[in-house]
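>>> I'd like to go over a predicted model; first the sequence, then the structure.
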Amino acid sequence: MSEKLGLMICGHGSRNKGAVKQFAQLAEGLKARFPVWPVEYGYLEFANPVIHDGLTKLREQGCTHVLAVPGMLFAAGHAKNDIPSVLNTYQAMHPEMKISYGRELAVDMRMVKAAGARIQEAIDAAEGDVPLHETLLMVVGRGASDPDANSNVTKITRLLWEGFGFGWAETCYSGVTFPLVGAGLEHAAKLGYKRIIVFPYFLFTGVLVQRIYSNTDEVAANHPDIEFIKAGYLNDHPQVIDTMADRVQEILQGANLMNCQMCKYREQVLGFEAEVGLAQESHHHHVEGLGAEAECQLCDEICTGACEKQVRAAGHHYHDHGHSHDHGHGHSHDHSHDHHHHPYPHADHPHGPKSLNRDG
């Protein structure tokens, strides 16, 4: 019996309707690249369909070999633990269907080109002509409890800095690690550049991108002599889709290898030695497939940050606890679950999430 291939695109999921819609658009873009294969997508949490449902659709279409790729920029907990755990569980339940897992988008020159295009769009749309040597680029990564993923954002920053020839460039993060956006931009403002371009290195919209833009506005208000420009995120740029399509081809070529040399679960990464050999498990069962129940009702497609204002007004803290997912909501702690997270060793860093526990 001949093998029938199918493609599964695995995303994180979001409470924001715009983020879910944009991920679906990315999946549509991949369908066009592989027109003869059944293509499905699914999420780890919050939104429907979940990964399990997408795999079932592929199985019902007769697929005997599923190529599964993570729709994620870098390999941290979701790409290394959560998605493989879901896939392995499904594989064990359906041994007649083989599932082969690909790797993350990673540091790739096509991704750098997509990022460069978004930055150039922002420059072109700006008023005035500020020389690049008098411009500072701030690349904002998601932030993870995995130093390998965080350091890859820094490498993207360097490639963009050197490619454009900006006067200076720095990296900060939207959560989990340090420095966060506010601290990073306040530091950047002291360096004397006329223009600061803030670029969220994110695939899709959501509350975190809105938080980045809101933080930018707050810092800009403190420095009226500096022009702050908010660049767009990656979204479904053709180079992003090309990179993901290549990740699919890598599986068929046997080249779907993550960078295990820097993996904190395999090697003694400085400061993270206690995490070597931790079990591979998913913690998303408690929010898997909540769908409309979890969908944010405060905004339409584009997040306005209303949820964070609501959280602040209620006197709660931001829920940002050492793992890299986009909650997009005020976390009320009114349910019980076991996340199984190993504690992030620098959770108390003065420029990290601790600084978000503030009022008003």
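Now that the structure is in, tell me what you want to look at.
>>> C-terminal to the host helix or strand of Thr154, what's the next element?
Take DSSP states H and E as the rule and Thr154 turns out to sit in helix 147-164. Counting by DSSP H and E, the next helix or strand C-terminal to helix 147-164 is strand 168-173.
>>> related to what we said a few turns ago, output the contacting helices and strands for the helix holding Thr154.
helix 109-125, strand 135-141, strand 168-173 (3 or more Cβ pairs under 8 Å, 6 or more residues apart in numbering; DSSP states H and E). C-beta: built from backbone N, CA, C; applies to glycine.
>>> Select, out of these, the one closest to Ile197.
Ile197 lies closest, by Cβ to Cβ, to one member of the helices and strands packed on helix 147-164: strand 135-141, at 5.1 Å.
>>> neighbouring contacts of that closest one?
Identification of contacts with strand 135-141 by Cβ atoms under 8 Å, 6 or more residues apart in numbering yields 115, 119, 149-150, 153, 156-157, 160-161, 164, 166-174, 181, 184-185, 188, 191, 193-202, 212.
>>> Okay, strands next: where are they in the chain?
With strands called from DSSP state E, the chain shows them at 5-11, 39-43, 65-70, 98-101, 135-141, 168-173, 195-200, 227-230.
>>> want to try JSON lines for those strands, with mean pLDDT and mean neighbour count as columns?
Compiled in JSON lines, those are given as follows (pLDDT from 0 to 100; neighbours: other Cβ atoms under 10 Å):
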{"stretch": "strand 5-11", "mean pLDDT": "96", "mean neighbour count": "25"}
{"stretch": "strand 39-43", "mean pLDDT": "94", "mean neighbour count": "24"}
{"stretch": "strand 65-70", "mean pLDDT": "96", "mean neighbour count": "25"}
{"stretch": "strand 98-101", "mean pLDDT": "96", "mean neighbour count": "18"}
{"stretch": "strand 135-141", "mean pLDDT": "98", "mean neighbour count": "25"}
{"stretch": "strand 168-173", "mean pLDDT": "98", "mean neighbour count": "22"}
{"stretch": "strand 195-200", "mean pLDDT": "98", "mean neighbour count": "24"}
{"stretch": "strand 227-230", "mean pLDDT": "98", "mean neighbour count": "19"}
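>>> quick check, distance from stretch 154-169 to the centre of its chain.
20 Å (Cα atoms, centre = their mean, to the nearest Å).
>>> next one: stretch 221-239
Chain-centre distance of stretch 221-239: 17 Å, with Cα atoms, centre = their mean.
>>> and it, how far apart are its ends?
One end of stretch 221-239 to the other measures 35 Å (Cα to Cα, to the nearest Å).
>>> returning to that earlier point: mind putting the helices and strands packed on helix 147-164 in TSV, distance to Ala24 included?
Converted to TSV, the helices and strands packed on helix 147-164 look like this (distance: least, Cβ to Cβ, whole Å):
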stretch	distance to Ala24
helix 109-125	19
strand 135-141	24
strand 168-173	26
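>>> quick one: which of those is nearest Phe272?
Across the helices and strands packed on helix 147-164, Phe272 has its closest neighbour in strand 168-173 (16.5 Å, Cβ to Cβ).
>>> Report the inter-axis angle for the closest one versus helix 147-164.
Relative orientation of strand 168-173 versus helix 147-164 (axes from the mean of the first three to the mean of the last three Cα atoms, to 10 degrees): 150 degrees.
>>> Quick check: which helices or strands does strand 168-173 pack against?
Where contact means 3+ Cβ pairs under 8 Å, 6+ apart, strand 168-173 is packed against strand 135-141, helix 147-164, helix 181-189.
>>> tell me the most buried of those?
Compared across these, strand 135-141 shows the largest average neighbour count, a mean of 25 (mean count of other Cβ atoms under 10 Å).
>>> Quick check: neighbours of it in the sheet, parallel or antiparallel?
Strands that pair with strand 135-141, judged by DSSP bridges, come out as strand 168-173 (parallel), strand 195-200 (parallel).
>>> Now distance to Val36 too, for the helices and strands packed on strand 168-173, in CSV please.
Output for the helices and strands packed on strand 168-173, formatted as CSV (distance: least, Cβ to Cβ, whole Å):
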stretch, distance to Val36
strand 135-141, 36
helix 147-164, 33
helix 181-189, 44
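>>> Looking at those, which is nearest to Lys4?
Nearest to Lys4 among the helices and strands packed on strand 168-173 is helix 147-164 (34.0 Å), distances taken as Cβ to Cβ.
>>> CA atoms of that closest one as PDB?
Output of helix 147-164 as PDB, limited to C-alpha atoms (Å, rounded to 0.1, in the frame of the first residue of the first chain):
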ATOM      1  CA  PRO A 147      18.100  31.000  26.700                       C
ATOM      2  CA  ASP A 148      18.600  29.400  23.300                       C
ATOM      3  CA  ALA A 149      15.400  30.900  21.900                       C
ATOM      4  CA  ASN A 150      16.100  34.200  23.500                       C
ATOM      5  CA  SER A 151      19.600  34.400  22.100                       C
ATOM      6  CA  ASN A 152      18.300  33.700  18.600                       C
ATOM      7  CA  VAL A 153      16.300  36.900  18.800                       C
ATOM      8  CA  THR A 154      19.500  38.700  19.500                       C
ATOM      9  CA  LYS A 155      21.100  37.100  16.400                       C
ATOM     10  CA  ILE A 156      18.200  38.300  14.300                       C
ATOM     11  CA  THR A 157      18.800  41.800  15.700                       C
ATOM     12  CA  ARG A 158      22.500  41.700  14.700                       C
ATOM     13  CA  LEU A 159      21.700  40.600  11.200                       C
ATOM     14  CA  LEU A 160      19.200  43.400  10.800                       C
ATOM     15  CA  TRP A 161      21.500  45.900  12.400                       C
ATOM     16  CA  GLU A 162      24.400  45.000  10.100                       C
ATOM     17  CA  GLY A 163      22.200  44.600   7.100                       C
ATOM     18  CA  PHE A 164      20.600  48.000   7.300                       C
END
